[in-house]
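>>> Whatever this is, show me its structure:
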Amino acid sequence: MWVLLLEALGALLILVFIVWWTMFSGRKGGERHPASRDDEHRPPEA
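Residues are numbered from 1 along each chain as shown. Next comes the predicted model:
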């Protein structure tokens, strides 16, 4: 029984690690700042 619980815990830890890794792997310094949006300085379309 303990072997199954340890295996489930290991699988959960691997899943959490993969999700965490993919969330922050593409951006230097974490999340984008709200002021750095591309469409902020465009004039409104008519």
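>>> Please report phi then psi for Ser25.
phi -80, psi -30 (degrees, to the nearest 10).
>>> From Leu13, how far out is it?
Ser25 sits 18 Å away from Leu13, taking Cβ to Cβ, to the nearest Å as the criterion. From N, CA and C alone the C-beta is placed, and that goes for glycine too.
>>> So between those two, which is more surrounded?
Leu13 (10 against 7; other Cβ atoms under 10 Å).
>>> Name the residues of the helix or strand containing that one that are buried.
Assessed by DSSP states H and E, Leu13 sits inside helix 2-24. Buried residues in helix 2-24, counting neighbours by 16 or more other Cβ atoms under 10 Å, are absent.
>>> Distance of Leu9 relative to Phe24?
23 Å.
>>> Helix, strand, or coil at Glu45?
With DSSP: H, G, I helix; E, B strand; the rest coil as the basis, Glu45 sits in coil.
>>> Just give me the neighbour total for it.
Count around Glu45 with other Cβ under 10 Å applied: 4.
>>> Pull the contacting residues for it.
For Glu45, no contacting residues are found, by Cβ atoms under 8 Å, 6 or more residues apart in numbering.
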